[in-house]
Structures are given as structure tokens and as C-alpha cells.
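>>> Kindly generate the corresponding structure for this input.
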Amino acid sequence: MTDKTIKRCCQLLALLMTVSAATLSAQNKGKRWQRKADTFAPKTFQIVTTQEQQTIEHFGASDAWSMLFLGLWPEDQQRQIADWLFSCENDVTGKPKGIGLSLWRMNLGAGSWEQGDSAQINQGTRTECLLQPDGTWDWTKQQGQRRFLKLAKERGVPYLLLFCNSAPVQFTKNGLATNTGRDGTINLKDNCFDDFASFLAKATKGIEEHDGVRIDYVSPVNEPDGHWNWLGPKQEGSPATNREISRLAKETSKAFKKDKLQTEIVLNESSDIRCLLGTYMAGWERGNTISTLFTKDSAKISVNGLPNIPNIVLGHSYWTNTPVDTMRSIRLRLRDTLAKHNLKYWQSEICIMGNDEEIGGGGNFDFSMKTALYVARVMHYDLVYGNACSWSWWRACGGNYKDGLIRIYSDDDMKTGHAVDSKLMWAMGNYSRFVRPGAVRLSVKAYDKDGNEVSEGDTRPYGAMLSAYRNKDGKLAVVAINYSESLLPISIKVDGNGRNWKLYRTSDISAESLAPVGTAGTEITLTPRSITTLVEETD
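Next up, the predicted model:
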């Protein structure tokens, strides 16, 4: 063997060892966090009822795009899906029938469905439009989606929202509901801002009159600061500058006032929390949303004080959930900014994306606790560090991707099919079923085995994470996540005293999907890889 060959072999061996070490490091990262969590894990958690945080308004999900089809499936299938998503009832064994969502988001379509393949949008993500190009209204459109509005109302869902990804195609600059071939400005003709606003008002009134429901909120723009600008073929969508959003909001406020609508107009569904705070991948025209749209310093653009527009800003948690330290710091910045401007925050959309590498990215639906625990941790961080008053998942139902709470199977373009629930859905229910609208989040302090307070001990990202809430009826609910693979014995006290709790758990055990698992007092053991909700028992 020549010296050159030996040298090359050594180089290859060194490279192989480096790659192997990196792989092993990645595989063991969670285990190192686990050991750290076990070593320093708090043993006692104290709920402080005098330290109130934000008021929770609702937990939700959207109908996009599945209910266009599922709402036309046989009645028994519709009702099963609706029970899973909306029901607050229990079955004969005491197990919740569903996760009790308190907000349902309906996608108000722009008309790409009627355009067929010329829409430049994939068939599965096209939508119908109630307003036809000739100016007439067709109330046979969006029947499947409107059916689920009724099913939600029947099951007591208290809040309904309409959201738009695009203006109706007859109002857009390129005649499409996608932004293909355009820049980062709104895909809306300059003389159609008032037309779009009128459409939103008339659609809201018409749905209420035809379907016997009340629409509480309308969201006219969605991810206007997305740096991809929604290039087709994908789905309906449009960018928009802050000036354009302001102009549309003012026209919509005027239209709602004219039609005497009480429905609130909520803005602006930023694609990334960082766009609310700065110019993250969007530029100054579409960034700094909070300081531009919601402060008096931007007098010409600000929407503060306009009729029907509350002091609420909406954003999406995509792309901000890893690494864990960054997830925390982004939300702390958000919390400080919200407090500065006296704003409430709704986390209005999230699913699993490519950068969520801890659970393998967004591809392939996951029925297991892997995704369920990961999302529960995001919920905890959004609620505890971001002070979110509302939290919504993206799609209620989806295909072979981690964007649905329910997995849908169909081999005939969704004309027929089969629905299957998931641990992810039930894990969300650990919050949505028991933390009801009007609940107030309470501070949770943590102490080690020697009684010393542990800073931020309520949040161990690879161990225990606890958050506590007082519902409007006065009863407490505590959501306890155990991300680890160890049994975690803990104590829970309320203002120094014990309480009696009923426990509902979602775990790797197949039968434990928001299942009642008995009662407990002060001492509780959290099962490995589980989410347990403790509901206060009172005489």
C-alpha cells in the first residue's frame, strides 16, 4: 500500500468517525437533556392563585380544506368527526367524546375551485366562492364547510371565525387566487378594496342568515408577510404590505359598521412570530407588524380604535419551535412587546414543518405520542412564555402529512373515505376540553427536594412542564406534560394547600387518549411520555 493510499484511507476513516460522532450526538441530545432534567427536576409545584396571567379566550382549528368534501360525506361519518372535534360530553364510561374545541375557523373561499386547472392551484386546496363573477350570490357554494359550522354550533362551540387566504378572483390583479407571477404587494385591484370589504360583510351576514349561526370574527388576510409570496401551484394566498392591510382593515371596518355587524375584524395572521416583532425575511413594508399597525406612532397606518377592530394581534408559530432556547426567547420578546402596546395575542395557526427535525419534519402522518408531545410543548411555551390568549392548530383533518388532527383516507378524490383519530388530537384536548373560554392562567412556582425555589421550574422541555388555569366556574385545571421516559413523582399544592383532582391522561398506552385514570391528592406520579390534565374536584 503506497503512502498516498494510506493517507487517503486515514482521511476517510477520520471523516467516518466525525460523521458517526455527529450522528451519535444528535441521537443523544434528548437523552442529555433528559439526564439534566432528572438531576435538577423540581419535586413540588405551587399554584399561586393571586398571580393571574392572561385570560384564555379559546382553542381552535380550521376546516381548510377538507370540510369542502367531508361535509358531504354520510351523516354518521360527519357526526363522528364533529364529535371528536367539538363535543364536551362524556361517554358512558366517563371518557370525553371529543376535545371540545371552542373556536372553529372556516376558510371563506376565493373561487379557485370554479376555475378548475386554470386556477394554478392544486385541486385538493382549491375553494369555492359564494360571490359569483357576475355579482350574484350562490348559496349552494361551500355547503360542506357551512355544514360543519352547524355541527360545531350544535355541539356548543361558542366562537366561529371566517378567514380569507385571497380576495375573490374577480377582484385580484392577476385574476387568480394565488400570487403567481407577482411581487410582495397585495393581489387586489386598487379599485377593489371596498369591494372586498363589502364581500366580507355580505358573506358574514349571509352565512348567519342562511345557516343560523353567529360569526364572531373575520380575518381578511392570512400570512401577508410570508417570504414565499404564495407562488402556485399550491394554495390560495396573497402577500400584502402593512399599508395595504391598513387600507383593507379600514374599508372592512366601514363596511361592517354600515351593515351594523358586531363581528370583530382580527389582524393579521403573520406567518412567523418574528414578523410581528421585526423585518424577518419580509422587509420593512411587511414587517414590524405590531409597531406599525397597532401604535399611535404610525397614525396613518394604525388601526387602533377603529370600529369592530379589537386590540388583538394574530400570528403563527411556524418555524419558531426549535431549538428550544430560541423558542423561549422569541416568545419572551413577544410577551414584552405585547405588554408595551397593551395588546392581546392569538396563536392562530401551526402544524409541523420541515425544520421540526426532532420529530422527523412534517412528512408522514404520526398517530403516536412523538408528535403529540412535541406539539403539547409548543402549546405550553406559547401559553406560558408568549401569553397567548387563543391557540389554534391548522387543519382539523388532513392526509399523509403532520398537518391534521384527524387522518383522512380516500382513494377517490375525497368523494368517500375514512377518518381516524390521533394522539395529537387527544393531546390538544388535554388543554381545549378542560381550559374553557374565560379561564385565567395562574402562575406556577417550583421547588426542589430541599424546598429551594427553582427558576422557571414549571418548564423543563425534556421533563415536566406544568401550567394552571382557573375556569369561570372557579374550578382549577392543571395540564402536566411529562416529556421524559421516566416516571416523575411530584407534589402539587394550591396556595400551600392540597386539593383533590380527577385525572385525564393521553399517553403511549393505546387506551389512554384523554382517558379518565382515577383521582389523586397532593402526590401524583406522571407517566412517561404523557400529558395529564388534573381537574379540581369539589363537593
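
>>> helices and strands of this protein: which one bottoms out on pLDDT?
Lowest on mean pLDDT, DSSP states H and E among the helices and strands of the chain sits helix 3-40, with a mean of 42.

>>> Who are the contact partners of S491?
43-45, 522-524 (Cβ atoms under 8 Å, 6 or more residues apart in numbering). For glycine as for every other residue, the C-beta is placed from the backbone atoms N, C-alpha and C.

>>> try 6 Å
44, 522-523 (Cβ atoms under 6 Å, 6 or more residues apart in numbering).

>>> Most neighbours among the residues you listed, please name it.
T44 (18 neighbours; other Cβ atoms under 10 Å).

>>> Tell me the backbone dihedrals of that one, please.
phi -130, psi 130 (degrees, to the nearest 10).

>>> now do the one 4 residues further on
The phi and psi values for V48, taken as degrees, to the nearest 10, are phi -110, psi 100.

>>> cool, L176 as well?
phi -130, psi 160.

>>> how close does it sit to T136?
21 Å (Cβ to Cβ, to the nearest Å).

>>> Neighbour count: these two, which is higher?
L176 (24 against 8).

>>> tell me the pLDDT at that one?
Confidence at L176, expressed as pLDDT, is 96.

>>> how close does it get to N187?
Distance, L176 to N187, using Cβ to Cβ: 8 Å.

>>> Quickly find the element holding the residue lying closest to W84 once chain neighbours are set aside.
In space, and not counting its chain neighbours, W84 is closest to G98: 4.8 Å by Cβ to Cβ, 6 or more residues apart in numbering. For G98, there is no host helix or strand (DSSP states H and E).

>>> So what sits opposite T525 in the bridge?
Beta-bridge pairing of T525, defined through DSSP bridges, involves P489.

>>> Around it, count how many other residues there are.
11.

>>> same thing with Y409?
With other Cβ under 10 Å as criterion, Y409 counts 13.

>>> Across the sheet, point out what pairs with it.
Those that pair with Y409 in a beta bridge, by DSSP bridges, are H418.

>>> Could you verify my assumption that L314 touches Q347?
No: using Cβ atoms under 6 Å, L314 makes no contact with Q347, being 8.1 Å away.

>>> doesn't K150 fall inside a strand?
No: going by DSSP: H, G, I helix; E, B strand; the rest coil, the assignment for K150 is helix, not a strand.

>>> can you tell me how far it sits from G144?
Taken as Cβ to Cβ, the span from K150 to G144 is 11 Å.

>>> likewise R331?
36 Å.

>>> Looking at these two, which has the bigger crowd around it?
Remark: of R331 and G144, R331 carries more neighbours, 24 against 19, as counted by other Cβ under 10 Å.

>>> Can you report how many residues lie near the closest residue to M425 other than its chain neighbours?
When the adjacent residues along the chain are set aside, M425 lies closest to L405, with 3.9 Å between them (Cβ to Cβ, 6+ apart). Neighbour count of L405, defined by other Cβ under 10 Å: 26.

>>> On the secondary structure side, give me the element for L405.
strand 404-409.

>>> Only alpha carbons, please: show that strand as CSV.
What follows is strand 404-409, C-alpha atoms only, in CSV (Å, rounded to 0.1, in the frame of the first residue of the first chain):
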residue,chain,number,x,y,z
GLY,A,404,-54.2,17.3,10.6
LEU,A,405,-55.6,16.3,14.0
ILE,A,406,-57.5,13.6,12.2
ARG,A,407,-56.1,11.4,9.4
ILE,A,408,-58.3,11.1,6.3
TYR,A,409,-58.0,8.2,3.9
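
>>> what packs against it?
Packed against strand 404-409 by the contact rule (3 or more Cβ pairs under 6 Å, 6 or more residues apart in numbering; DSSP states H and E) you find strand 390-398, strand 418-420.

>>> one more time with 8 Å, if that's ok
When contacts are defined as 3 or more Cβ pairs under 8 Å, 6 or more residues apart in numbering; DSSP states H and E, strand 404-409 packs onto helix 75-86, strand 390-398, strand 418-420, helix 423-432.

>>> Name the spans of this protein whose pLDDT lies under the cut-off.
Across the chain, the ranges flagged by pLDDT under 70 are 1-40, 229-230, 232-233, 539.

>>> just so I have it, where are all the helices in the chain?
For the chain, applying DSSP state H gives helices covering 3-40, 67-70, 75-86, 112-115, 143-154, 193-211, 242-258, 273-277, 289-293, 324-341, 369-384, 423-432.

>>> How about C192, nearest residue that isn't a chain neighbour?
F171 (4.0 Å).

>>> pretty sure the one you found contacts L188?
Yes: contact criterion Cβ atoms under 8 Å: F171 and L188 qualify, at 5.9 Å.

>>> what do these two both touch?
In contact with both F171 and L188: F196, using Cβ under 8 Å, 6+ apart.

>>> count of residues packed around the residue nearest to D259 when sequence neighbours are not counted?
Spatial nearest neighbour of D259, chain neighbours left out: A201 (4.7 Å); criterion: Cβ to Cβ, 6+ apart. The local packing of A201 (other Cβ under 10 Å) involves 22 other residues.

>>> What of T127?
Applying other Cβ under 10 Å, we find 26 residues neighbouring T127.

>>> what separates it from P528, distance-wise?
43 Å.

>>> most packed of the helices and strands packed on strand 404-409?
helix 423-432 (a mean of 27; mean count of other Cβ atoms under 10 Å).

>>> who touches that one?
Taking Cβ under 8 Å, 6+ apart as the rule, helix 423-432 contacts 59, 84-85, 96, 98-102, 366-369, 371-373, 375-376, 379, 383, 391, 393, 402, 405-406, 479, 504, 506, 513-514, 531-533.

>>> Go again with 7 Å.
59, 84, 96, 99-102, 367-369, 371-372, 375-376, 379, 393, 405-406, 479, 504, 506, 513-514, 531, 533 (Cβ atoms under 7 Å, 6 or more residues apart in numbering).

>>> what angle do it and strand 404-409 make?
Counting by axes from the mean of the first three to the mean of the last three Cα atoms, to 10 degrees, helix 423-432 lies at 150 degrees to strand 404-409.

>>> Let's see helix 423-432 as CSV, backbone CA atoms only.
The C-alpha trace of helix 423-432 is given here as CSV (Å, rounded to 0.1, in the frame of the first residue of the first chain):
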residue,chain,number,x,y,z
LYS,A,423,-52.8,11.1,19.9
LEU,A,424,-52.1,14.6,18.7
MET,A,425,-55.8,15.4,18.6
TRP,A,426,-56.4,14.0,22.1
ALA,A,427,-53.3,15.7,23.4
MET,A,428,-54.7,19.1,22.3
GLY,A,429,-57.8,18.1,24.1
ASN,A,430,-55.9,18.0,27.4
TYR,A,431,-56.0,21.8,27.0
SER,A,432,-59.1,22.6,24.9
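
>>> Could you tell me which residues make contact with the closest residue to I121 other than its chain neighbours?
Computed as Cβ to Cβ, 6+ apart, the closest residue to I121 that is not its neighbour in sequence is S112, at 4.7 Å. By Cβ under 7 Å, 6+ apart, the residues touching S112 are 119, 121, 126-127, 169, 177, 236.

>>> Swap in 8 Å and give it another go.
119, 121, 126-127, 166, 169, 176-178, 236.

>>> Need the max-distance pair from those residues.
T127 and L176 (12.6 Å; Cβ to Cβ).

>>> What separation do you get for the residue nearest to I121 and A477?
Counting by Cβ to Cβ, the gap from S112 to A477 is 41 Å.

>>> quick revisit: need the helices of the chain in a markdown table with distance to I492, can you?
Output for the helices of the chain, formatted as a markdown table (distance: least, Cβ to Cβ, whole Å):
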| stretch | distance to I492 |
| --- | --- |
| helix 3-40 | 18 |
| helix 67-70 | 39 |
| helix 75-86 | 29 |
| helix 112-115 | 51 |
| helix 143-154 | 34 |
| helix 193-211 | 44 |
| helix 242-258 | 44 |
| helix 273-277 | 31 |
| helix 289-293 | 36 |
| helix 324-341 | 23 |
| helix 369-384 | 16 |
| helix 423-432 | 16 |
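
>>> among those helices, which is nearest R182?
Comparing the helices of the chain by Cβ to Cβ, helix 242-258 comes nearest, at 12.8 Å.
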